[in-house]
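Colleague: The sequence isn't on hand, but the structure is:
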């Protein structure tokens, strides 16, 4: 029987690449549900190609357009986040691929877990914000959390067949983004279009900006803590500009395992969807002769302060990772809208971390309140800044 999939965030970068993967395996996967934010046009095209039972658009103002474009198509058309949660509860899909960007992906992931679905997790913010809640719910429901981020997929693959107690630490690799070799003093002059030119990966705007500030790697550090039950000091980061080695696992006997592959998100997507089977594919192969040199350097925590702030939030715990994520989302939007410079983004995040009250064991409602407060404070702080 085909593996039935609910794809959350189908019109984004990960969503479209997921559908590309699914299209390569007719009969192996079947799309049951497609959910998108506001791109009704693309969602309608996807629905005609993949024939899901249900499509949902979060932006209610796009419902009429979506309904019109799918007139005559045998598909249930819904709108709104509450409808998405209800539809997930009713869907008989086995796997929900969570690719809704940012904090907004949390509730749909929770709904999918409550209905007993395995989660192919591309939304790192879900574990950043509510790692304790998510991992406990997954354990209670007997659901798997299958990482889709290339680095976490690499760790997951390296740990296959290993005793988790034999793990000494892990090292997440980072490309360093487009500004790796740019002096700190020059960063204040970069523009959004400069930051969106990632040297290796094709990603959405938010993730690409996070990569440029290395907040993306900071969020991945926090995500790794929950995925692999590690202490902050067990999670290292190293700059690897070639983006071929996706991460390392260091074992207590001194051995090190690494996973290599092309910088192509379809590889970790395929691994998560096919798990525990490793499916043969026609995706591009790695030719090591074209990469005669692998280089590694320590990250510059002074230049990339967001990475340091992510470690700080992780070590503090509680609601601080939630505050980190919320204030960063506001900062990214402000930078893309040319309201602030790139170097101001860590100032915004740091101000939120220092001023939002600390909660040691927040529940979901308290996390939602922390998220709102951090966004409000970040917005107010931005209004005080000069570009």
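Modeller: Structure received. Please read these numbers as outputs of a predicted model, since none were measured by experiment.

Colleague: neighbours around residue 162, how many?
Modeller: Neighbour count for residue 162, taken as other Cβ atoms under 10 Å: 13. To be clear about C-beta, it is placed using only N, CA and C from the backbone, and glycine gets the same treatment.

Colleague: Next: residue 118.
Modeller: 23.

Colleague: And residue 320, by the same measure?
Modeller: Other residues close to residue 320 by other Cβ under 10 Å number 25.

Colleague: repeat for the one 4 residues further on
Modeller: By other Cβ under 10 Å, the residues close to residue 324 number 29.

Colleague: remind me which residues of the stretch 151-300 of the chain are low pLDDT?
Modeller: 201-202 (pLDDT under 70).

Colleague: Mind jotting down where the strands sit in it?
Modeller: Listed in chain order, the strands found in the stretch 151-300 of the chain under DSSP state E, counting those that start in this stretch are 167-174, 235-239, 245-251, 256-260.

Colleague: Adding mean neighbour count and distance to residue 369, write those out as JSON lines.
Modeller: Formatted as JSON lines, the strands of the stretch 151-300 of the chain follow (neighbours: other Cβ atoms under 10 Å; distance: least, Cβ to Cβ, whole Å):
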{"stretch": "strand 167-174", "mean neighbour count": "21", "distance to residue 369": "30"}
{"stretch": "strand 235-239", "mean neighbour count": "20", "distance to residue 369": "28"}
{"stretch": "strand 245-251", "mean neighbour count": "22", "distance to residue 369": "34"}
{"stretch": "strand 256-260", "mean neighbour count": "16", "distance to residue 369": "39"}
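
Colleague: Helices of the stretch 201-350 of the chain, start to end?
Modeller: Taking DSSP state H, counting those that start in this stretch as the criterion, the stretch 201-350 of the chain carries its helices at 205-213, 215-227, 266-274, 305-316, 320-336, 345-355.

Colleague: Which one of these lies nearest to residue 161?
Modeller: Relative to residue 161, the nearest member of the helices of the stretch 201-350 of the chain by Cβ to Cβ is helix 266-274, separated by 15.0 Å.

Colleague: Between strand 245-251 and that closest one, find me the angle.
Modeller: Angle of helix 266-274 versus strand 245-251, following axes from the mean of the first three to the mean of the last three Cα atoms, to 10 degrees, is 60 degrees.

Colleague: Helix 266-274 packs against which elements?
Modeller: helix 13-23, strand 95-98, strand 118-121, strand 145-147, helix 150-158 (3 or more Cβ pairs under 8 Å, 6 or more residues apart in numbering; DSSP states H and E).
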